[in-house]
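Asker: Turn this into a structure:
(one chain, ligands or ions: 2)
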Amino acid sequence: MSTAHDVEAVRLLIEARGHHILPAGAELLDWLGAWIEPARIEQLVHALGTLPCQFCDKGLNRCEACDPSAASETCVQCLGFGRSRCDFCSGTGLAAYDFLPMELWTGVIGRRTKLAASLAGTLLRQPMPCLDDPHAQKHLHDRLVNANKLLSVFENAVSAADALATQNAEAASRLRGTRDECFRIAGGLETRARDCLRVLAMLSRDQASPEASDSPPRHRSEFLESLADSPGFEKTMLAHPCLFDQAT
Ligand SMILES: [Zn+2]
Ligand SMILES: [Zn+2]
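Answerer: Ligands and ions are numbered 1, 2, ... in the order given. Predicted coordinates:
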């Protein structure tokens, strides 16, 4: 199957499920197994795993919480970036699990986690940008947004694995290692997100005029600095309650 055919096959599968044309539960896997070669089922799972969300641009949408009348304050939700996580896919940029046949979630969780782990490895190996790099702010923003997107993928995978576990003990045991891996990598991404926030705070402080004690860059610097040390990034787009401890 080509990529275009993959997407078409996935759309047909989801549509057919929605119209109850295909069997449900374990029978769906039997049905697929009878009609499609194992290698093609793998391709189908890959296509489902990478199917993009239709409601956002790579996991982000315009932030609804930004208040133009409070321009001197940094928007808590989007950290002043102007774009926040998509409500439909929780910021993964991928079709929500609820949109996919639950019978294939195990494969999709495995596939998405593997891809995200590889991207997280690349991101965590990148050195932090130098402060005198004129594009440092953009690099830090991009890195923070990318780390947050991967955290969303791991959080969704954990939530989907937990939802599956309530119905299927075998799937729960099969996904235990994957679930542990999600938490392990999320820990590294969380640390990197905090590093990015601290350096962004320093850059904002450098932009603030020393005479103006309440300028927007100074507010932003203080906000980012306190966020870097907040337990679960609560009320912001960096919050991932399934992965991080919340303040008690
Ligand atoms: Zn905002
Ligand atoms: Zn989305």
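Asker: quick one, strands of the chain?
Answerer: Using DSSP state E, the strands of the chain run over 60-62, 83-85.
Asker: Are the last one and ligand 2 in contact anywhere?
Answerer: No: residues of strand 83-85 contacting ligand 2 under CB under 5 Å from the ion: none, with a closest distance of 8.0 Å. No exception for glycine: its C-beta is placed from N, CA and C like everyone else's.
Asker: quick one, which of the strands of the chain is nearest to ligand 1?
Answerer: Ligand 1 sits nearest to strand 83-85 of all the strands of the chain, at 5.9 Å, using CB to the ion.
Asker: quick revisit: got a markdown table for the strands of the chain, with mean neighbour count and distance to His139 too?
Answerer: Formatted as a markdown table, the strands of the chain follow (neighbours: other CB atoms under 10 Å; distance: least, CB to CB, whole Å):
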| stretch | mean neighbour count | distance to His139 |
| --- | --- | --- |
| strand 60-62 | 16 | 17 |
| strand 83-85 | 22 | 17 |
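Asker: Which among the ones you listed is found nearest to Ala160?
Answerer: strand 83-85 (16.9 Å; CB to CB).
Asker: what pairs with that closest one, and is each one parallel or antiparallel?
Answerer: Paired strands of strand 83-85, with direction, are strand 60-62 (antiparallel) (DSSP bridges).
Asker: Now do the contacts for the residue lying closest to Ala136 once chain neighbours are set aside.
Answerer: Closest residue in space to Ala136, ignoring its immediate chain neighbours: Pro129 at 4.4 Å, by CB to CB, 6 or more residues apart in numbering. Pro129 makes contacts with 135-136, 139-140, 199, as judged by CB atoms under 8 Å, 6 or more residues apart in numbering.
Asker: Redo the strands of the chain as TSV? Include mean pLDDT and distance to Val108.
Answerer: What follows is those, written out as TSV (pLDDT from 0 to 100; distance: least, CB to CB, whole Å):
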stretch	mean pLDDT	distance to Val108
strand 60-62	97	22
strand 83-85	96	20
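Asker: about what we covered before: give me the distance between the residue nearest to Ala136 and Ala169.
Answerer: Distance, Pro129 to Ala169, by CB to CB, to the nearest Å: 47 Å.
Asker: before we move on, what about Thr236?
Answerer: In terms of CB to CB, Thr236 sits 36 Å off from Ala169.
Asker: how about the residue most central in space within the chain, what does it touch?
Answerer: Using CA atoms, centre = their mean, the residue of the chain that lies closest to the mean C-alpha position is Ser152, 2.3 Å off. By CB under 8 Å, 6+ apart, the contact list for Ser152 reads 59, 85, 89-92, 240.
Asker: What's the mean pLDDT across the lengthiest helix in the chain?
Answerer: The single longest helix within the chain, with elements called by DSSP state H, is helix 169-207. Mean pLDDT, helix 169-207: 93.
Asker: Which elements pack onto that helix?
Answerer: Counting contacts by 3 or more CB pairs under 8 Å, 6 or more residues apart in numbering; DSSP states H and E, helix 169-207 is packed against helix 105-125, helix 136-165, helix 216-228.
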